[in-house]
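J.: Below are the sequence and a predicted model; questions follow.
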Amino acid sequence: MNLASYVRTAKSVITANSPVLLLGTTIAGVATTGVLAAKAGYKARGIVDEAEGRYKGQDDEEFVELTAQEKAQLTWLCYATAGISGAGTIAAAVGTHTIHTKRANAMAALYAVTSNKLDDMTEKAEELLGPKKTQEFRDGVAQKQVNRDPLEDNELQMLEDGTEICYDEWSGR
């Protein structure tokens, strides 16, 4: 195999599994952002303490309180990596949502087309065969479903006298 085929294979695997990969990236990004922000906090605290003159051996008389703006100007660079990590994490979460939304919309469109096709076929079958033959056809299809998943004896014991057995296609019960 040549390099181009490996790249094509990798691309198809990544595309098919992109929501899972992005979810993993989001989870790792949350943890990474937290760790980087904590480390940045310690580093920023040291910078602010040094700028205010609050370190061992100095008197409180020389203590200068910095404003929030001054603290931000001194320490913003400490938080840059955490900010970049956070932005990447948000991008991964948005990407996951976008992919899931597109896939859900595609499924809804497929369902609508399939439903319309089935309605058209049912209508035409009744027109060609008549209502009686169409009902026989539906009964035959329902019987085939029941035969695929037959009731067990213990399921029938739960029924009380006088009740009717009916088959739910969606759940198979």
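T.: Here it is on my side, so go on. Numbers count the residues shown, from 1 in each chain.
J.: Run the chain-centre distance for the longest helix seen in the chain.
T.: For the chain, the helix with the greatest residue count under DSSP state H is helix 80-129. In this view, helix 80-129 has its centroid 12 Å away from the chain centroid, taken as CA atoms, centre = their mean, to the nearest Å.
J.: ditto for stretch 18-36
T.: With CA atoms, centre = their mean as the basis, the mean position of stretch 18-36 lies at 13 Å from the chain mean.
J.: in it, what counts as buried?
T.: 21-22, 25-26, 29, 32-33, 36 (16 or more other CB atoms under 10 Å). Every C-beta, even on glycine, is put in place using the N, C-alpha and C of the backbone.
J.: Kindly report the same for stretch 129-137.
T.: residue 134.
J.: got a list of contacts for that stretch?
T.: 122, 125-126 (CB atoms under 8 Å, 6 or more residues apart in numbering).
J.: at 10 Å what do you get?
T.: 122-123, 125-128 (CB atoms under 10 Å, 6 or more residues apart in numbering).
J.: Most neighbours out of these, which is it?
T.: Within the contacts of stretch 129-137, most neighbours by other CB atoms under 10 Å means residue 126, with 16 neighbours.
J.: can you pull the contacts of that residue?
T.: 132-135, 137-138.
J.: In strands, which of these appear?
T.: Among the contacts of residue 126, the subset assigned to strands under DSSP state E is empty.
J.: which one of those residues sits closest to residue 45?
T.: Taking CB to CB as the measure, residue 45 lies nearest residue 138 of the contacts of residue 126, at 74.7 Å.
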